[in-house]
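> Fold the following for me, if possible:
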Amino acid sequence: MKHLFNNRKFYDFANSLANSIENRINNYDKTKFDNHSIDDLTTQLVDEFKIELPELKEDDIYQKKPSDTKIRYSGRGHFVRSTTVDGTKYTLIIPFTGDSTMFGIFPSSFTSVLPYGIVESDELKVVYEVPVGQDASRIKADFDNNLDTIKKYLEYLSKDINDFNGKLEPSIKARLERRKNKLDNDDEIANTFGFPIK
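Alright, predicted model coming up:
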């Protein structure tokens, strides 16, 4: 099963958002500032770019009906064939709210063990496939351990997110002020040329 929190470092993710904000503001023209106050523009951009930490809905965890499955074991070496055995698939579902993208972000703090699962819309799916005849009693304990690890990584991410969101408003406001000042200064210089602006 796929590991969670393993696609992109939070530092890179935050820098990407910062670049998107910078590009957005640099595309604002004077009309934008004539029609909106800096405070209003700041609020709009903060609402758009602030990060929302996913929140697990543990009271709503459920499972799907067990189903038959074929489990494939790949052989090792050039002359060893892979084999397929009968088994049972157990699927446990963890609903959540918030930004699903964050389940792919690697926090600045971490442990040596990554949790696993499949992100689908507003649910995390954890699948276990057990060959017929093998003990399935460890599934619940394994699921609980994995859930605890997911919660731990969300705690790590919350620190990064709170830091990012806390700096977002003053950073955006400062960038907007710089952009407005540049546009005003450009117009002042152009006006000294003595020609009409069309």
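
> Quick check: what element follows the lowest-mean-pLDDT helix or strand in the chain along the chain?
Ranked by mean pLDDT, DSSP states H and E, the weakest helix or strand in the chain is strand 67-73, scoring a mean of 87. As assigned by DSSP states H and E, the chain's next helix or strand after strand 67-73 is strand 83-97.

> picking up where we left off before, which neighbouring elements make contact with the least confident helix or strand of the chain?
The contact analysis (3 or more Cβ pairs under 8 Å, 6 or more residues apart in numbering; DSSP states H and E) places strand 67-73 against strand 83-97, strand 123-131. (C-beta placed from N, C-alpha, C; glycine too.)

> got the contact list for the residue positioned nearest the centre of the chain?
Taking Cα atoms, centre = their mean as the criterion, Met102 is the residue nearest the geometric centre of the chain, at 2.0 Å. Applying Cβ atoms under 8 Å, 6 or more residues apart in numbering, we find Met102 in contact with Ile51, Glu52, Leu53, Pro54, Leu157, Ile161.

> Which pLDDT value does the model give it?
pLDDT for Met102: 97.

> Also Ser137?
84.

> Same question for the one 3 residues further on.
You'll see Lys140 listed with a pLDDT of 92.

> Just give me the neighbour total for it.
Lys140: 12 surrounding residues under other Cβ atoms under 10 Å.

> now Leu45
Residues near Leu45, counting by other Cβ under 10 Å: 21.

> what sits against the closest residue in space to it that isn't next to it in sequence?
Residue nearest to Leu45 in three dimensions, not counting chain neighbours: Ile172, with 4.9 Å by Cβ to Cβ, 6 or more residues apart in numbering. Counting by Cβ under 8 Å, 6+ apart, Ile172 makes contact with Ile21, Ile25, Leu41, Thr42, Leu45, Val46, Phe49.

> Please work out how many residues are found near Phe10.
Phe10 has 22 nearby residues by other Cβ under 10 Å.

> and the gap between it and Lys30?
36 Å (Cβ to Cβ, to the nearest Å).

> Likewise for Lys182?
As judged by Cβ to Cβ, Lys182 and Lys30 stand 10 Å apart.

> between those two, what contacts are shared?
Contacts common to Lys182 and Lys30, judged by Cβ under 8 Å, 6+ apart, are absent.

> picking that back up, as TSV, the helices and strands packed on strand 67-73 with distance to Pro115 would be great.
Output for the helices and strands packed on strand 67-73, formatted as TSV (distance: least, Cβ to Cβ, whole Å):
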stretch	distance to Pro115
strand 83-97	11
strand 123-131	9
